[in-house]
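Q: what shape does this take:
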Amino acid sequence: MNLSASNTTLFLIAYGPPGPLNYGVFFFVFVLYLATIFSNLTLMLVIYLDSTLHKPMYIFLFHLAISGLIGSSTVCPVILQYLLEDVKSISLTNCLLQTFFVNIFGTCAYGILAVMAYDRYVCICKPLQYHSIMTPTKVKLLLGVTYFFPICSLAVQVYLTARLSLCTYTINKLFCITLAVVNLACMKPLLNSLYFVGLFFVFGFLPLVLVILSYIKILTVSIKASKTAQMKALKTCAPHLITFINFSSAALTSVVYNSFYDHLSNVGSIFISVQFILIPSLLHPVIYGIKTQEIRKSISKLLRKNVLALDGVGSTQRTSE
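A: The predicted structure is shown next:
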């Protein structure tokens, strides 16, 4: 049977039957999902409303929050739904769409983090040339590349996957991933395997190299600088470095799990899935909100402005009475 058949149904068998455990996990995932949505939307709103944050680093951070919303909203509603249902089935079309958006989340987030590392390199190593290098046009170009190439490349991957012939219909995962769908096929063509390796090299290895080279340059310059300059560089880079390590470790754990472990317990599968999709998306805005002084100031300023506005409305109402 060809995977492109519109009536093909797949079954996700990693959940187990509904019960107290599933209900507890439902509550846990639901709270994390709400926190992720709230933190990312708050960060995006703060950056959008405060014109002082309309700088390259915060524009990239805005788009990192978008990728977090894409990843969490692609997977979490499905996980929450299946935790309460007896039969966990999904149409092949929806399954392929899910793999596409999960991969978009991973590749775009990693690409944005690599671009942010380059931005930090220019800021610290070439401060006098920063504004001439990181122009609005260049920022748009970098973001365009970060979105355009993953979307086009992953669309081709979905097409190649859809051409395979299907022999089994059960996936021992919480949601659809490309490797799990490919493993359902009767044969795995060499083209698909080579294309997957190419994607991993372009969207996994190359961004990692760019980040490492950027931080080697930053470290080289910082060693020769004064203590004050070193502390400033550390404060500037710490949120990005923590975020990058957090996302990389989550992605690596997910890749290892999806490649080599097909029979974890229900709780183990849920933990690995949440650890990749939700935890980085939740922590990214939290880390930047805590570690970045400009964002903290912007949040305080917006809160004070809203409080004063509410006080003004209240005073007007009391005067009119």
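Q: what's the local residue count around Y121?
A: 20 (other C-beta atoms under 10 Å). Just so you know, the C-beta spots here come from the backbone N, C-alpha and C atoms, and that holds for glycine as well.
Q: please pull out the lowest mean pLDDT helix or strand from the protein.
A: The helix or strand of the chain with the poorest confidence is helix 293-320; it has a mean of 69 (mean pLDDT, DSSP states H and E).
Q: what mean pLDDT does the helix or strand F271 falls within get?
A: Assessed by DSSP states H and E, F271 sits inside helix 266-277. Mean pLDDT, computed over helix 266-277, is 73.
Q: after that helix, next one along is what?
A: helix 279-291.
Q: which elements pack onto that next one?
A: When contacts are defined as 3 or more C-beta pairs under 8 Å, 6 or more residues apart in numbering; DSSP states H and E, helix 279-291 packs onto helix 20-49, helix 56-83, helix 227-260, helix 293-320.
Q: next, format those helices as TSV and append distance to I272.
A: Formatted as TSV, the helices and strands packed on helix 279-291 follow (distance: least, C-beta to C-beta, whole Å):
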stretch	distance to I272
helix 20-49	13
helix 56-83	12
helix 227-260	5
helix 293-320	30
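Q: could you identify which of these is most buried?
A: helix 56-83 (a mean of 21; mean count of other C-beta atoms under 10 Å).
Q: next SSE after that helix?
A: By DSSP H and E, the next helix or strand past helix 56-83 is strand 89-91.
Q: ok, residues contacting that following strand?
A: If you take C-beta atoms under 8 Å, 6 or more residues apart in numbering as the criterion, strand 89-91 is touched by S6, T8, T9, L10, F11, L12, V78, Q98, C176.
Q: what about these, which are in strands?
A: Under the assignment DSSP state E, those contribute T9, L10, F11, L12 to strands.
Q: is the third one in a bridge, and if so with what?
A: So the one you mean is F11. Bridge pairing for F11 (DSSP bridges) gives the partners S89, T170.
Q: show me what contacts it?
A: V87, K88, S89, I90, Y169, T170, I171.
Q: any chance of those in TSV, with distance to G144, pLDDT and neighbour count too?
A: TSV is the format used below for those (distance: C-beta to C-beta, whole Å; pLDDT from 0 to 100; neighbours: other C-beta atoms under 10 Å):
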residue	distance to G144	pLDDT	neighbour count
V87	42	77	8
K88	38	83	21
S89	38	86	13
I90	32	89	20
Y169	39	87	13
T170	39	86	13
I171	34	85	22
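Q: return the closest of these with respect to K305.
A: Closest approach between the contacts of F11 and K305, by C-beta to C-beta: I90, at 45.4 Å.
Q: which non-adjacent residue is nearest R296?
A: G289 (6.8 Å; C-beta to C-beta, 6 or more residues apart in numbering).
Q: M187 - that's part of a helix, no?
A: No: secondary structure of M187 (DSSP: H, G, I helix; E, B strand; the rest coil): coil, not part of a helix.
Q: from G71, how far out is it?
A: Using C-beta to C-beta, to the nearest Å, M187 is found at 31 Å from G71.
Q: so where is the protein shaky, pLDDT-wise?
A: 1-6, 260-269, 306-321 (pLDDT under 70).
Q: spatially nearest residue to the spatially most central residue of it (excluding sequence neighbours)?
A: In the chain, the centroid-proximal residue (C-alpha atoms, centre = their mean) is G68; its distance is 3.9 Å. Excluding the flanking residues, the one nearest G68 by C-beta to C-beta, 6+ apart is S281, at 3.3 Å.
Q: cheers, nothing more for now.
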